[in-house]
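*Asks:* Compute the structure for the input listed below.
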Amino acid sequence: MLDQAIINKLLHFQKSEITEHHIYKHLSQSVKDPSNREILKRISDEELGHYQLWKRLTNREVAPDRWKIWKYVWISRLFGLTFGLKLMEQGEGKAQLSYGEIEALVPDAVKVHQDESEHEKAILNLINEELLDYVGSAVLGLNDALVELTGALAGLTFALQNTRLVAVAGLITGIAASFSMAASEYLSTKSEGGHRNPLKSSLYTGAAYVITVTLLIFPYLVFKNIFLCLGLCLTMAVLIIYVFTFYISTARDLPFKKRFFEMASISLGVAFLTFLIGLVVRSVFQLDI
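*Replies:* Residues are numbered from 1 along each chain as shown. A predicted model of the protein is given here:
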């Protein structure tokens, strides 16, 4: 006979399994790729089997978490299937820490634990998603925009000390650089001769560059205080690095902290150096704009 504390844990697991069953089921019905659809359906069926196992022990029906279903279905649709499912898997991993507490009393928990920690992860790694094939191109555009433009804007800020001029100069520089980067990525991808489409690669690179440029110069278009604009620009750069590094780390199972601090250090370091160059240029050429 299981005590109430164990039953409560089983009910928690039961709710998690039925919720994830519905998440995988919804996604399997919406994806176009037949291979991905089959993978998601297999996981959905497996989660339902786990739910039935816990139900036989608790003798209770448990309703799914509708908010969690809605959240992960839409995250997967907006930001990619792999990212959404691995983000959910991270939360699920925290719950798995409790399995060890009940394995001695509920032998079936061993099998479920193995399925959750090994089998599903192996299946998720098989998911074929175009977005991840081109994420390297997006990273290239984003990295270059962050390093080049944060540096350029910092230098222009202290050389010109006029928000409108800095915004215009930054916008022209950024758009020109985005075309250059997109063209370079097109030629590079074409010369590689892999499965990636050169045009798509160039579009991902150029789009990432333009979006980053727009976000970085936005403060200069809104505010008048030049130093406030620079501070907001650098803050925006760190936020972009944080969000994108989190995305890549989650989707590709990579360490987050090391990648984030490395990229942030490079971008802010270049900005500081060009800040000094801007001061020197303003002093040497005696600019007064």
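*Asks:* Quick one: end-to-end length of stretch 216-236, please.
*Replies:* The straight-line separation of the ends of stretch 216-236 (C-alpha to C-alpha, to the nearest Å) is 6 Å.
*Asks:* May I see the buried residues of that stretch?
*Replies:* 216-217, 219-220, 226, 229-230, 232-234, 236 (16 or more other C-beta atoms under 10 Å). C-beta here means a position set from N, CA and C on the backbone, and glycine is covered the same way.
*Asks:* Pull the most distant pair out of those.
*Replies:* Pairwise distances across these peak at 15.5 Å for Ile226 and Met236 (criterion: C-beta to C-beta).
*Asks:* contacting residues for Tyr247?
*Replies:* Going by C-beta atoms under 8 Å, 6 or more residues apart in numbering, Tyr247 touches 79, 83.
*Asks:* Quick check on it: phi, psi?
*Replies:* phi -60, psi -50 (degrees, to the nearest 10).
*Asks:* Repeat that for Asp253.
*Replies:* Dihedral angles for Asp253 - degrees, to the nearest 10 - are phi 60, psi 50.
*Asks:* I'd like the buried residues of stretch 216-236 written out as JSON lines, with secondary structure added.
*Replies:* Formatted as JSON lines, the buried residues of stretch 216-236 follow (DSSP: H, G, I helix; E, B strand; the rest coil):
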{"residue": "Leu216", "secondary structure": "helix"}
{"residue": "Ile217", "secondary structure": "helix"}
{"residue": "Pro219", "secondary structure": "helix"}
{"residue": "Tyr220", "secondary structure": "helix"}
{"residue": "Ile226", "secondary structure": "helix"}
{"residue": "Cys229", "secondary structure": "helix"}
{"residue": "Leu230", "secondary structure": "helix"}
{"residue": "Leu232", "secondary structure": "helix"}
{"residue": "Cys233", "secondary structure": "helix"}
{"residue": "Leu234", "secondary structure": "helix"}
{"residue": "Met236", "secondary structure": "helix"}
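*Asks:* now, which of these sits nearest Ser16?
*Replies:* Met236 (36.7 Å).
*Asks:* That closest one and Ser201, how far apart?
*Replies:* 26 Å (C-beta to C-beta, to the nearest Å).
*Asks:* Now do the SS call for Arg254.
*Replies:* Let me fix one detail, which is that residue 254 is Leu and not Arg. Looking at Leu254 with three-state DSSP, the answer is coil.
*Asks:* which residues in the stretch 151-289 of the chain form helices?
*Replies:* 163-192, 198-222, 226-252, 256-284 (DSSP state H, counting those that start in this stretch).
*Asks:* Would you mind finding the most buried of those helices?
*Replies:* helix 198-222 (a mean of 21; mean count of other C-beta atoms under 10 Å).
*Asks:* Would you mind getting the angle between that one and helix 163-192?
*Replies:* 170 degrees (axes from the mean of the first three to the mean of the last three C-alpha atoms, to 10 degrees).
*Asks:* what pLDDT, on average, does helix 198-222 get?
*Replies:* Average pLDDT, helix 198-222: 89.
*Asks:* Stretch 152-169 too?
*Replies:* On average, stretch 152-169 scores 83.
*Asks:* From Lys257, how far out is the nearest residue to Leu146 once chain neighbours are set aside?
*Replies:* Leaving out its chain neighbours, the residue that sits closest to Leu146 by C-beta to C-beta, 6 or more residues apart in numbering is Ser267, at 4.7 Å. Going from Ser267 to Lys257 by C-beta to C-beta gives 16 Å.
*Asks:* quick one: low-confidence parts of the stretch 51-200 of the chain?
*Replies:* 91-105, 107-111, 113-126, 128, 130-131, 194 (pLDDT under 70).
*Asks:* repeat that with 90
*Replies:* Applying pLDDT under 90 to the stretch 51-200 of the chain picks out residues 53-59, 76-166, 169-200.
*Asks:* give the contact list for Ile226.
*Replies:* Per C-beta under 8 Å, 6+ apart, neighbours of Ile226: 157, 161-163, 166.
*Asks:* Oops, could you answer that again for Glu47 instead?
*Replies:* 17-18, 20-21, 24.
*Asks:* And the residue nearest to Leu232 when sequence neighbours are not counted, how close does it get to Ala167?
*Replies:* Distances taken as C-beta to C-beta, 6+ apart place Pro219 nearest to Leu232, at 3.8 Å, with adjacent residues excluded. Per C-beta to C-beta, Pro219 is found 9 Å from Ala167.
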